[in-house]
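Undergrad: My questions concern the predicted model and sequence given below.
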Amino acid sequence: MVKGRFITLEGIEGVGKTTHLAFIADYLEARQYPVLITREPGGTKAGEAVREILLHGKEIRIDAMTELLLMFAARAQHLQEVVIPALAEGKIVLCDRFTDASYAYQGGGRGIAQADIRILEQLVQQELQPNLTLLFDASVQTGLSRAKKRSEADRFESETIAFFERVRQTYLERSRNKPDRIKIINAEQTLPAVEQDIIRLMESFL
């Protein structure tokens, strides 16, 4: 049985992850790779319910630690119900956000200690890590400007510039600490240029 592979996409709001995920899926499927597309929080009925609370429950006060625990609760269900079975079947799993987002948003953004996040990561994931993470990077100003044009701001998109600067810097710090897994793509480029960078990385990965 072909061993599956786990690819995650990360970045602040407005960097085009949804568009890039669809492009990667098309690229892989054209080459006869079995692909499963999913997202976090979400990917399961339980996860989508958590997503609704976290992204659109603006009237609900959610403590930073509660937010983190909800993320990992949804992640635990997602892994057991979707990701691990798909990897066992030899599929390439493409996931819009994963645990790097928890370090960036709840760690960098909310100020929760990385050591606390690491405890939950070990508990929920054991040894499971993405094989490849594509970090789409753009300035906070660029990202939020694009996000505003896309749709009404959700709970996270309504955060301050300073919040997103901390999120972005945490992402970049993680990429420096894990260069073999986390690959930065300049999302300020034109779409064709971004897609060429994606193809280059995918060709070296596959």
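TA: Yep, that arrived.
Undergrad: where does the chain have its least confident helix or strand?
TA: Lowest mean confidence among the helices and strands of the chain (mean pLDDT, DSSP states H and E): helix 140-150, at a mean of 87.
Undergrad: downstream neighbour of that one in the secondary structure list?
TA: Using DSSP states H and E, the next helix or strand after helix 140-150 towards the C-terminus is helix 161-177.
Undergrad: Show me what that following helix packs onto, helices and strands only.
TA: Judged by 3 or more C-beta pairs under 8 Å, 6 or more residues apart in numbering; DSSP states H and E, the packing partners of helix 161-177 are strand 132-137, helix 140-150, strand 182-186. (C-beta placed from N, C-alpha, C; glycine too.)
Undergrad: which of the ones you listed sits most buried?
TA: Of all the helices and strands packed on helix 161-177, strand 132-137 has the most neighbours on average by mean count of other C-beta atoms under 10 Å, namely a mean of 22.
Undergrad: Would you quantify the distance from the residue most central in space within the chain to residue 9?
TA: The residue lying closest to the centre of the chain (C-alpha atoms, centre = their mean) is residue 97, at 1.3 Å. To residue 9, residue 97 is 7 Å away according to C-beta to C-beta, to the nearest Å.
Undergrad: With residue 76 instead?
TA: 20 Å.
Undergrad: Show me which of the two is the more surrounded one.
TA: residue 9 (27 against 16; other C-beta atoms under 10 Å).
Undergrad: wouldn't that one be in contact with residue 22 here?
TA: No. If you go by C-beta atoms under 8 Å, residue 9 and residue 22 don't touch, sitting 10.7 Å apart.
Undergrad: The least confident helix or strand of the chain to strand 132-137, inter-axis angle?
TA: Here helix 140-150 points in a direction 90 degrees away from that of strand 132-137 (axes from the mean of the first three to the mean of the last three C-alpha atoms, to 10 degrees).
Undergrad: Output the contacting helices and strands for helix 140-150.
TA: Counting by 3+ C-beta pairs under 8 Å, 6+ apart, helix 140-150 packs on helix 161-177.
Undergrad: which ones are touching residue 71?
TA: Neighbour list for residue 71: 40-41, 50, 54, 101-102, 106 [criterion: C-beta atoms under 8 Å, 6 or more residues apart in numbering].
Undergrad: tell me which element it is part of?
TA: Using DSSP H and E, residue 71 sits within helix 64-78.
Undergrad: buried stuff in that helix?
TA: 67-68, 70-78 (16 or more other C-beta atoms under 10 Å).
Undergrad: same check, this time on stretch 119-134
TA: Those would be 120-121, 124-125, 130, 132-134, for stretch 119-134 by 16+ other C-beta under 10 Å.
Undergrad: List of residues touching stretch 46-53?
TA: Contacts to stretch 46-53, defined as C-beta under 8 Å, 6+ apart, come from residues 40-42, 60, 62, 70-71, 73-75, 77-78.
Undergrad: if I look at residue 97 and residue 9, which residues touch both of them?
TA: In terms of C-beta under 8 Å, 6+ apart, residue 97 and residue 9 are both contacted by the residues residue 17.
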